Structures are given as C-alpha cells and as structure tokens.
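Novice: predicted model and sequence below, questions to follow.
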Amino acid sequence: MKLFRFTLVCILTFNLFFSCTEDNRDPINQVIDNGNGENNDFAQNFGSTIYRTFLGTVMDQNHNPLQSVTITIGDATAQTDAHGVFIIQDAQVYERFGYIKAEKEGYLTGSRSVVPSEGTNKVNIILLEESIAGTVSSGSEETVSLPNGASVKLPGSYVTSDGTSYSGTVSVVLHLLDPTEDDMTMQMPGMLYGANANNEERMLQSYGMLAVELLGDSGEKLNLAEDSTAEITVPLDVSLQTNAPTSIPLWHFDEDGGYWVEDGEATLTGTTYVGSVSHFSFWNCDIPAEAINLCINLTDENGNSLSNLWTTITSEIYGTRGGNTNELGQVCGLVPSNESLEVNIYNYDMCGATSLFTTSIGPYSSDSSEDIIIITLPSDVISETVTGNFNTCNDDPVTDGYVFLLYQDQTHSTLIDDGTFEFNLLRCDQDDTFKVIGNDYVNLQTTDTLNYTFTTPLTNIGTISACNDAEEFITYQVDDHAAINYINSIESGLDGTVLYVNVYSPNQEYFFYLHIENFSDIGTYTNNANMSFFDMNLDSTSLETVFEGSINVNSFGDIGEYIDINFSGNLVDWNNPESPTPITGSIHVLRNN
C-alpha cells in the first residue's frame with residue numbers, strides 16, 4: 001500500500017504540529033523603503049495580529065504535487081507531504097494580511113498573500129522551475145528572450161548576494177506570467193496588492209508579469225551591480241491591448257514583506273510594455289486602485305456552506321479577481337472601493353467555464369461582508385453532502401488531522417479535530433464516484449485512497465480508520481453503536497457470479513460476510529445482497545438478515561488488487577421484519593481469487 005507522511009520540521013510534545021515556537025511568534029516585519037532612504041511601516045494597514053489555520057497545496061506547473069516544500073508563515077514552519085499538502089495551525093497573521101512562503105531547491109520561491117478568513121484558509125501555490133532560458137557573460141550587454149516575446153536586456157555588470165563583483169557566465173531564469181491564464185494567480189507571488197510610491201495600500205490590476213533570476217557558475221544567486229539597470233519587455237495578451245494605457249506603473253515583489261512595491265514605470269511599445277529595472281525579483285505592470293476588504297459567505301437554500309467553489313468579483317474598470325471558498329463557504333479578498341461589482345460562481349473542474357450563479361453587489365466604501373444564497377442551479381448541477389467519522393487505528397476519534405475528498409480533478413479538504421467530517425459540494429452529473437484520503441497527525445498514520453459512490457443527496461461513508469500498517473479493512477456501523485473495524489483474516493473474491501467478502505475470528509468472537517449475487521462489474525447493486533454479522537461488542541446481532549439499500553462496488557481489481565465497496569441501508573431480520581436496523585460501512589480489501 002502506498003503511504004504518505006508529513007515531514008515535520010519540529011514537533012512540540014504538548015503543542016500543535018508544524019509550529020516551531022509556542023509564543024512571541026511575530027509576523028515578518030513589514031517595513032519598506034519609500035525610495036528616499038526613509039523606512040515607513042506599511043503594516044499599519046494590516047490591522048491587529050490574530051491566529052488562523054492554513055491548509056494548502058503546492059504543485060509544479062503540470063499540477064503534480066511537490067513534496068518537502070518548506071512553508072513559512074511568520075515563525076511557524078511546515079513541509080509538504082507526498083500529496084503536496086501542508087497545514088499550519090494557530091499561525092499568527094494580521095486581520096487583513098497573511099503571508100505564506102514556499103521554498104524548494106530547483107524552483108523559484110513561491111508565495112501567497114491572503115486576507116485571512118474564519119475557519120481554514122485554503123491556498124494553492126504553483127512553483128516555477130529554475131529552468132534556464134539562456135546564458136550571458138559578464139562584461140557584455142546581452143538579451144535573453146522567450147518564444148512568447150518576453151525578454152530581458154542585461155547590462156553585463158553583476159554582484160553576488162554580499163555585494164561582491166561577479167565575473168563569469170550568468171544563467172538567466174525567465175518566466176512570463178500572463179494575467180489571462182487560469183494558473184497565473186497560483187504562479188505569481190503574494191496577491192495583487194501593494195504599496196504605491198506614497199506608501200499607500202492599493203489593489204492592483206495586472207497587465208503582465210515577469211519572473212527573473214540570475215545564477216552564477218556555481219548556482220549562486222546574482223543581481224545587477226549598483227547603478228546598473230536592465231530593460232524588461234512584457235508582451236500583452238491580445239485581449240488586453242485595446243484598453244492598455246500608454247504608460248503603466250512598474251512594481252517589484254518584496255519577498256520579505258509579501259506585497260508589491262511601486263518602482264518606476266513601463267511604456268507601451270507596440271504590443272509590449274518596456275521598462276527599466278535596477279534589480280531582479282518578480283516585476284509586474286499594474287494599474288492601482290483604492291480597495292476595501294470583502295468577505296463572501298456562500299450557502300445553498302438549505303443553509304449549507306458551499307466549499308471549494310471558485311468565486312469571482314468583476315469590476316468594469318479594474319477587471320476580475322477570485323478565490324475558492326473554504327469549508328465555511330467563505331472567501332475574502334480585496335476589491336475596488338465605490339464600484340458596482342458582479343459575483344460569479346464556478347466549478348471549473350466539473351462543470352466547465354459556465355457560471356453556475358451570478359448576482360450584482362456593492363458598491364462598498366469600507367470593509368464589508370456579503371451573504372450570498374444560491375437558490376437556483378442549472379439542471380445538471382447536483383448538491384451533495386458527504387459525512388463520516390475518522391478514527392485512529394485504536395478506534396479513537398482523530399483529533400488532529402485532515403480528510404481529502406477527491407472528485408475528478410478537484411480536491412476538497414477539511415481539518416479534523418473531533419473525529420467527524422462533512423463536505424458540502426456542487427458537482428455536475430457526468431460522474432458519481434469519488435475518493436477519500438485521511439491523515440492522522442498525532443499517530444502519523446493514514447488511510448489508503450478509498451473509493452466511493454455518491455448516494456445523492458447525502459452520502460454517509462461511515463468510519464474510516466488511519467491504519468497505515470493495515471493493507472485492508474472492513475469497517476461498519478450498526479444503528480448508533482460504535483464502529484466495528486476488521487483488518488485481519490479477510491477473504492474476498494469472486495465465486496462464480498457471487499462477489500464475496502468474509503471475515504471470521506479464530507475464537508468465534510465475531511464474523512462478517514457480504515455476498516453480492518449476479519455480480520458483473522463495478523456499479524451500484526440493490527436488494528440482491530446477503531449480509532450477516534456477529535460481534536460480541538454489539539448488544540444486538542443479526543444472524544439471518546436481508547440487506548435493503550445500496551451497495552456501491554467502486555473498484556474490482558484483478559487477484560492481488562483491491563476491491564472497494566461502500567454501503568448504506570437497513571438490515572431486515574427475517575425473524576423481526578418490522579424493526580429494520582440501519583447500517584453503513586466501507587470495505588477496502590485485497591482480492592484473493
């Protein structure tokens with residue numbers, strides 16, 4: 001069984017994982033130079049310090065998860081697991097600003113800045129590879145270009161990080177970030193928020209961005225020598241060319257502060273912006289706007305919070321920005337003040353690029369919150385609720401962990417602190433199967449990847465257990481009794497046209513069997529299954545029963561591969577048919593024949 005574990009930077013025995021200090025965890029000092037040698041404290045715009053939980057995923061440009069990425073929020077540190085996931089609980093941030101930095105060898109430093117919300121703040125970061133676009137030599141002026149038209153014209157004078165003059169070959173890493181591309185907001189650092197030349201906070205509308213990094217012969221990072229400048233060329237997407245201003249402010253990203261700083265200007269030359277820069281990081285061509293912080297709270301008509309929906313805010317003047325709702329259905333961010341705004345709700349991974357819901361809000365002159373209820377949905381969009389319990393291998397509720405729900409290309413996630421979980425989501429009707437993964441931090445154990453089928457509108461998958469040394473298990477819950485788990489002496493396979501799963505204890509303390517007659521392939525089976533069980537831990541047992549409900553066979557591998565089943569319904573005792581017994585359960589077993 002393929003397993004994963006979180007790599008811990010440090011563990012405090014009586015405190016939360018992924019936090020290297022308990023107290024006095026001050027956020028990164030937010031001080032910038034305004035250009036005349038005087039430091040101004042930009043953090044006065046961020047409000048008071050607060051504590052929030054962050055759950056994120058770090059990927060490469062092909063959306064593959066990246067493991068062992070170092071994540072930093074203030075003094076709190078974590079590393080991503082095999083799924084590219086990190087969690088930092090109780091991180092100290094500001095009311096209006098939190099900064100998450102992601103670092104891994106071979107990649108440019110990535111980051112995300114957010115307006116922290118209640119509940120779990122979810123972030124996605126794509127790291128750009130340190131791929132070499134070209135090489136130049138010190139002492140000569142040379143240009144490195146990309147096929148998309150982006151380029152950097154270098155003066156030939158370079159220094160190392162300590163200011164020492166550098167002579168030799170210079171490798172140039174160069175990436176163009178196009179604001180019309182879907183991945184741009186995950187690839188860029190921070191968020192579109194910065195300090196203008198007067199040290200005033202502004203929301204930004206990007207017309208294009210360049211990431212530039214210079215590396216010496218030994219891989220050391222270089223920068224331009226003092227009093228040297230380089231010329232950058234940022235091509236404009238055709239959709240942006242009509243409204244592009246003839247000149248536009250340039251902004252560089254402050255990696256210590258986590259926001260953009262106005263630093264010069266670029267001029268429109270044909271269909272590109274050209275500007276002069278004195279050092280390298282990420283550079284951005286942006287129009288600034290005054291902004292307020294807006295939180296959107298998204299629910300369905302029954303009051304269920306809707307998670308993982310891409311929510312966009314569009315201004316006619318300043319364009320579109322967006323974010324995914326968390327498990328509370330909330331997403332917060334900066335929007336232009338005193339502007340009428342349009343809200344659109346999407347589920348790109350499953351329902352395409354068509355908005356599921358749209359409404360108009362605003363204008364706002366100060367920080368605000370807006371409750372939006374989705375009442376009418378397209379006919380092919382289905383509302384689902386998935387619930388369950390997450391136990392340790394000792395059958396105790398997990399008190400510190402997470403559960404993933406994977407549906408098509410979309411990942412829903414929730415933190416676990418009391419052994420229970422609930423997902424509320426929207427999906428389109430082309431696929432009714434999903435997967436679940438759970439991770440128990442305290443015992444550093446995990447479930448396998450478990451397969452299920454939706455039983456619309458509510459799917460109770462019963463109890464899943466984090467037993468990373470168990471290759472297979474049966475778990476079921478009868479009525480309101482505690483869950484029963486079996487991990488040994490399980491037999492399963494195909495006998496003619498009968499799919500069977502049996503378990504017997506040597507001392508006859510328990511047994512369980514499930515037989516599905518006329519089995520042909522994966523799918524849903526109803527009213528053609530026999531199920532019996534006996535366990536001394538139950539004060540009621542079922543020895544001669546008929547199962548009435550749905551049994552979903554989600555996978556049926558070859559011999560030696562997995563059979564995955566989830567079921568929900570009632571057991572009807574032949575001797576007492578008037579009192580059916582509710583039962584739910586999951587099966588994840590290796591096929592014996």
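Specialist: Yep, it's here. Residues are numbered from 1 along each chain as shown.

Novice: CA atoms only: put stretch 148-164 into PDB for me.
Specialist: C-alpha atoms of stretch 148-164 as PDB (Å, rounded to 0.1, in the frame of the first residue of the first chain):
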ATOM      1  CA  ASN A 148       6.300  34.300 -26.300                       C
ATOM      2  CA  GLY A 149       8.100  37.600 -26.800                       C
ATOM      3  CA  ALA A 150       9.200  38.300 -23.200                       C
ATOM      4  CA  SER A 151      12.800  39.400 -22.800                       C
ATOM      5  CA  VAL A 152      15.400  40.900 -20.500                       C
ATOM      6  CA  LYS A 153      18.300  43.000 -21.800                       C
ATOM      7  CA  LEU A 154      21.200  42.700 -19.400                       C
ATOM      8  CA  PRO A 155      24.000  45.300 -18.900                       C
ATOM      9  CA  GLY A 156      26.800  42.900 -18.100                       C
ATOM     10  CA  SER A 157      27.600  44.100 -14.500                       C
ATOM     11  CA  TYR A 158      26.700  41.700 -11.700                       C
ATOM     12  CA  VAL A 159      27.200  41.100  -8.000                       C
ATOM     13  CA  THR A 160      26.800  38.200  -5.600                       C
ATOM     14  CA  SER A 161      24.400  38.400  -2.600                       C
ATOM     15  CA  ASP A 162      27.000  40.000  -0.400                       C
ATOM     16  CA  GLY A 163      27.800  42.700  -3.000                       C
ATOM     17  CA  THR A 164      31.000  41.200  -4.400                       C
END
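
Novice: host element of Thr385?
Specialist: According to DSSP states H and E, Thr385 maps onto strand 381-392.

Novice: how far does that strand sit from its chain's centre?
Specialist: Remark: strand 381-392 is offset 18 Å from the chain centroid, using Cα atoms, centre = their mean, to the nearest Å.

Novice: with only the CA atoms kept, save that strand in CSV.
Specialist: Provided in CSV are the C-alpha atoms of strand 381-392 (Å, rounded to 0.1, in the frame of the first residue of the first chain):
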residue,chain,number,x,y,z
VAL,A,381,-25.7,20.5,-11.2
ILE,A,382,-26.2,18.3,-8.1
SER,A,383,-25.8,19.3,-4.5
GLU,A,384,-24.0,16.7,-2.4
THR,A,385,-23.3,16.2,1.3
VAL,A,386,-20.7,13.6,2.4
THR,A,387,-20.3,12.8,6.1
GLY,A,388,-18.3,10.3,8.1
ASN,A,389,-16.1,9.6,11.0
PHE,A,390,-12.4,9.4,11.1
ASN,A,391,-10.8,7.2,13.7
THR,A,392,-7.3,6.3,14.7
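
Novice: so for that strand, what gets flagged as buried?
Specialist: By 16 or more other Cβ atoms under 10 Å, the buried positions in strand 381-392 come out as 381-386, 388-392. Backbone N, C-alpha and C define where each C-beta goes, glycine included.

Novice: and the strands in the stretch 51-200 of the chain, which stretches?
Specialist: Ranges of strands in the stretch 51-200 of the chain, per DSSP state E, counting those that start in this stretch, are 70-73, 76-79, 85-94, 98-103, 110-114, 120-126, 132-137, 142-145, 151-154, 158-160, 165-166, 169-177, 193-195.

Novice: ok, now the stretch 301-450 of the chain?
Specialist: Using DSSP E, counting those that start in this stretch, the strands of the stretch 301-450 of the chain run over 310-315, 319-324, 330-336, 341-346, 357-361, 368-374, 381-392, 401-407, 410-416, 420-428, 433-440, 445-446, 450-453.

Novice: tally of neighbours for the closest residue in space to Ile522 that isn't next to it in sequence?
Specialist: In this structure, Ile522 finds its nearest non-sequential neighbour in Val553, 4.9 Å apart by Cβ to Cβ, 6 or more residues apart in numbering. Residues near Val553, counting by other Cβ atoms under 10 Å, number 22.

Novice: the helix or strand harbouring Val553 - contacts with which helices or strands?
Specialist: Assigned by DSSP H and E, Val553 belongs to strand 545-556. Where contact means 3 or more Cβ pairs under 8 Å, 6 or more residues apart in numbering; DSSP states H and E, strand 545-556 is packed against strand 450-453, strand 510-516, strand 523-526, strand 529-535, strand 562-573, strand 576-590.

Novice: can I get those strands in a markdown table including mean neighbour count and mean pLDDT?
Specialist: Compiled in a markdown table, the helices and strands packed on strand 545-556 are given as follows (neighbours: other Cβ atoms under 10 Å; pLDDT from 0 to 100):
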| stretch | mean neighbour count | mean pLDDT |
| --- | --- | --- |
| strand 450-453 | 23 | 91 |
| strand 510-516 | 19 | 81 |
| strand 523-526 | 14 | 86 |
| strand 529-535 | 19 | 70 |
| strand 562-573 | 21 | 85 |
| strand 576-590 | 18 | 83 |
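
Novice: want to try JSON lines for those strands, with distance to Tyr500 as columns?
Specialist: Listed next are the helices and strands packed on strand 545-556 as JSON lines, based on distance: least, Cβ to Cβ, whole Å:
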{"stretch": "strand 450-453", "distance to Tyr500": "19"}
{"stretch": "strand 510-516", "distance to Tyr500": "5"}
{"stretch": "strand 523-526", "distance to Tyr500": "13"}
{"stretch": "strand 529-535", "distance to Tyr500": "9"}
{"stretch": "strand 562-573", "distance to Tyr500": "10"}
{"stretch": "strand 576-590", "distance to Tyr500": "10"}
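
Novice: now for the strands of the stretch 51-200 of the chain, which one comes closest to Asn64?
Specialist: Asn64 sits nearest to strand 120-126 of all these, at 10.2 Å, using Cβ to Cβ.

Novice: give me the contact list for that closest one.
Specialist: 52-61, 63, 98, 100, 102, 110-112, 114, 183, 186-187, 308, 324, 326-328, 413-415 (Cβ atoms under 8 Å, 6 or more residues apart in numbering).
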